[in-house]
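**Student:** Okay, structure incoming, though there's no sequence with it:
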């Protein structure tokens, strides 16, 4: 009974420690990193949108290769005005609420980068997330 519940886990843990090889990730020079579009959909996010924009601008990725696209669809708070204060952000707004998928689809026609990462306005991203993808 001991082996079934604890022993197997202990033996397996020891085997992994002894024989497992840690993967080695090559670091790619910034000059070789691809251009990336970060597309953020927001709806009435005035309370968190500044924090989200600052989070995106602080990512560990070359700023000339990271393109920020924000889209709002039917927001009736100050989200639109706040996002427009940041010239680094490409901003798309539609006054009528058509839903997130419609908003994202509308912006994807303008995205030219080979890679696109989708995120919500209320989800903060780890500073190395884009580089490690």
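**Tutor:** Here it is on my side, so go on. What you see is a predicted model, and the numbers here were worked out from it, not measured in a lab.

**Student:** for the protein, what spans make up the strands?
**Tutor:** Remark: strands assigned in the chain by DSSP state E are 36-42, 66-73, 89-94, 115-120.

**Student:** Please convert these to JSON lines, extending it with mean pLDDT.
**Tutor:** Compiled in JSON lines, the strands of the chain are given as follows (pLDDT from 0 to 100):
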{"stretch": "strand 36-42", "mean pLDDT": "96"}
{"stretch": "strand 66-73", "mean pLDDT": "96"}
{"stretch": "strand 89-94", "mean pLDDT": "94"}
{"stretch": "strand 115-120", "mean pLDDT": "96"}
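
**Student:** Residue 102: which of the ones you listed is closest?
**Tutor:** strand 66-73 (6.6 Å; CB to CB). Using the backbone N, CA and C atoms, a C-beta is placed for each residue, glycine as well.

**Student:** That closest one pairs with which strands, and in what direction?
**Tutor:** strand 36-42 (parallel), strand 89-94 (parallel) (DSSP bridges).

**Student:** if you skip the residues just before and after it, what's nearest to residue 130?
**Tutor:** Leaving aside its chain neighbours, residue 130 sits nearest to residue 61 (4.6 Å; criterion: CB to CB, 6 or more residues apart in numbering).

**Student:** now the helices: where do they sit in this structure?
**Tutor:** For the chain, the helices defined by DSSP state H occupy 2, 8-19, 49-57, 79-83, 100-108, 129-132.

**Student:** mean pLDDT lowest for which of these?
**Tutor:** Least confidently modelled of the helices of the chain is helix 2, at a mean of 64 by mean pLDDT.

**Student:** Reformat the strands paired with strand 66-73 as a markdown table; add mean neighbour count and distance to residue 77.
**Tutor:** Shown next, in a markdown table, are the strands paired with strand 66-73 (neighbours: other CB atoms under 10 Å; distance: least, CB to CB, whole Å):
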| stretch | mean neighbour count | distance to residue 77 |
| --- | --- | --- |
| strand 36-42 | 23 | 10 |
| strand 89-94 | 16 | 12 |
